[in-house]
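> Could you work out the structure for the sequence below:
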Amino acid sequence: MSTNQTENNERVLLDSVLYPMSLDYRKHWSNWEMVREIVQNSLDNTGSFNINKTGDKLVISDKGTGLELRHLLLGCSEKSESGNRGKFGEGLKLAVVVALRLGYHVEIETNNLFIASRVGEKFGNPVLILDIFQNTTTYNGFKISIFGYNGDTYQERFTLDKTPLFSYDGEAIFKEKTASLYVKGIYVKPLKDSIFSYDLRDVELEESRNNASDYEVSRMSGYLLSKCNVDSIIKTVLKRGVNINTFEGCLRGYNLSYRVTDQWSKNFKDVYGNNAVISTTTTLSREASYRGAKTVQFTEYITDWLKSSITTDKDYITAHIESTKNYTVLNLRGKQLKQQKRLQSYANKINSDCTVEIVMFTQDLNVNGLCDRQNKKILISANQLNSFPSALSTLIHELAHYEFDTLDATAEHVNACSRIGATLIVTNRRT
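Model prediction:
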């Protein structure tokens, strides 16, 4: 028997409340769920708590507003704010039910009340009874003592004293030995295949608070990361985002915040190189690679929320094409002029409306030629004239674009080049 139990004779019994709830209610709950519900109550009330264990006595307390008599009724609660963890004010009662089922004795001191638990009987089943006394002293706040307790304090399952790598609007990212999901500062479950732990706010939990929708966790984790400005986190997500078998590779999310777009883009270049771009489709990726880019294939989910902020294969191709529009048409003489006329004669055998021009591209680009269908031109870089076979190969390549409107690095373009080449061979033999 506890010291407080021996003092009950000095207190005035105000009431005894029998809860028509079997001790087997929440039978799958144990020490952790019991501690969690009590701590949750303190966090909702004050945002902090104290917990310590001495021998077989566990004490959890806070310096909040404490309990009033009405709070001992089921469904009577002031927990209306969206930031609260509990909804209906039933967590404390459920915790005491679990404690009695596990063989513990519970005493509560709050304001001018002293409350002691005991097992009663209703319809042949054990139920919770709370004896409520007028306390001889006043406890400012809330303190619950659990006697005979043989479990852990579970302090590591609360984020209150943890230092986050990144936090934003009440949510946070942590680095822990075992990656875990927290919701509003309280542990929910391990996060499989994740590098980081996430403390999220707007995630609905199932009734027992031991699970959450994988989709919601993925979506809200992605949202938190879309605000992240910590280089180490960004680099890790970018490295793991190419693998669908990682938590980071399955993140749903939102477009990056404009405040961090440049930082994510820089880290992308740091991880994958200055010529790296995000692959969006196989066709565009091949063409971007052909034009000199290094394409990075993220998972579909990661691609969706990065592609509006980091250069994609399509962006690269568009910029590359635009840059090739800056060129100077050369006035040729001698051997170069003869080669230009020879190339023009080959082009006329395919399409007599197409003009071949020898140019110098004004930007330092690895461009051998360009098809300008709008202006009915094929541009050949002057450096190709150093070798006529190279110049002819470039002409065939660009004629394939001109005649068949195919994309680079595709089977269609290879086939088009073959058809152009075959036509030139046949027409040459005839002449």
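> neighbours of Asn428, just the number please.
A count of nearby residues for Asn428, using other CB atoms under 10 Å, gives 11. (Each C-beta comes from the backbone N, C-alpha and C, glycine too.)
> SS state for it?
Here Asn428 is recorded as helix under DSSP: H, G, I helix; E, B strand; the rest coil.
> Contacts for the helix or strand hosting Ser345, please.
Counting by DSSP states H and E, the element that carries Ser345 is helix 334-350. With contact meaning CB atoms under 8 Å, 6 or more residues apart in numbering, helix 334-350 is reached by 330, 332, 354-358, 378, 380, 382, 385, 388, 391-392, 395, 399, 402-403, 420, 423-424, 427.
> Give me the phi and psi angles of the closest residue to Ile244 other than its chain neighbours.
Leaving out its chain neighbours, the residue that sits closest to Ile244 by CB to CB, 6 or more residues apart in numbering is Thr299, at 4.8 Å. Geometry field for Thr299 lists phi and psi as phi -70, psi 160, criterion degrees, to the nearest 10.
> So for the helix or strand where Asp262 lies, mean pLDDT?
Using DSSP H and E, the element containing Asp262 is helix 261-272. Helix 261-272 shows a mean pLDDT of 96.
> Would you confirm that Gln374 belongs to a strand?
No. Gln374 sits outside any strand when classified using three-state DSSP, being coil.
> count of neighbours near it?
Count around Gln374 with other CB under 10 Å applied: 6.
> domains for the chain, by residue range?
According to automatic domain parsing, the chain comprises the domains 3-156, 166-320, 325-430.
> what's the average pLDDT for the first one?
Right, the one you point to is domain 3-156. 87.
> before we move on, the earlier item: identify each buried residue in the helix holding Ser345, please.
By 16 or more other CB atoms under 10 Å, the buried positions in helix 334-350 come out as 339-340, 343-344, 346-347, 349-350.
> per-residue confidence for Thr406?
88.
> Look at it and give its secondary structure.
Per three-state DSSP, Thr406 ends up coil.
> Can you name the helix or strand that the nearest residue to it once chain neighbours are set aside falls in?
Distances taken as CB to CB, 6+ apart place His413 nearest to Thr406, at 3.9 Å, with adjacent residues excluded. Under the criterion of DSSP H and E, His413 resides in helix 411-430.
> Can you name every helix or strand that that helix contacts?
Helices and strands touching helix 411-430, as assessed by 3 or more CB pairs under 8 Å, 6 or more residues apart in numbering; DSSP states H and E, comprise helix 334-350, helix 388-404.
> Mind giving me the packing neighbours of the last one?
It stands for helix 388-404. Counting by 3+ CB pairs under 8 Å, 6+ apart, helix 388-404 packs on helix 334-350, strand 369-372, strand 377-381, helix 411-430.
> closest to Trp305 out of these?
helix 411-430 (31.1 Å; CB to CB).
> quick revisit: okay, the helix holding His413 in PDB with CA atoms only?
Taking C-alpha atoms only, helix 411-430 is exported to PDB below (Å, rounded to 0.1, in the frame of the first residue of the first chain):
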ATOM      1  CA  ALA A 411      14.700   4.200 -83.400                       C
ATOM      2  CA  GLU A 412      12.600   6.300 -85.700                       C
ATOM      3  CA  HIS A 413      15.500   8.700 -86.300                       C
ATOM      4  CA  VAL A 414      17.900   5.800 -87.000                       C
ATOM      5  CA  ASN A 415      15.500   4.400 -89.500                       C
ATOM      6  CA  ALA A 416      15.000   7.800 -91.100                       C
ATOM      7  CA  CYS A 417      18.800   8.200 -91.500                       C
ATOM      8  CA  SER A 418      19.000   4.800 -93.100                       C
ATOM      9  CA  ARG A 419      16.300   5.700 -95.600                       C
ATOM     10  CA  ILE A 420      18.000   9.000 -96.500                       C
ATOM     11  CA  GLY A 421      21.400   7.200 -96.900                       C
ATOM     12  CA  ALA A 422      19.900   4.500 -99.100                       C
ATOM     13  CA  THR A 423      18.200   7.100-101.300                       C
ATOM     14  CA  LEU A 424      21.500   9.000-101.800                       C
ATOM     15  CA  ILE A 425      23.300   5.800-102.700                       C
ATOM     16  CA  VAL A 426      20.700   4.800-105.300                       C
ATOM     17  CA  THR A 427      20.500   8.300-106.900                       C
ATOM     18  CA  ASN A 428      24.300   8.600-107.000                       C
ATOM     19  CA  ARG A 429      24.500   5.300-109.000                       C
ATOM     20  CA  ARG A 430      21.900   6.500-111.400                       C
END
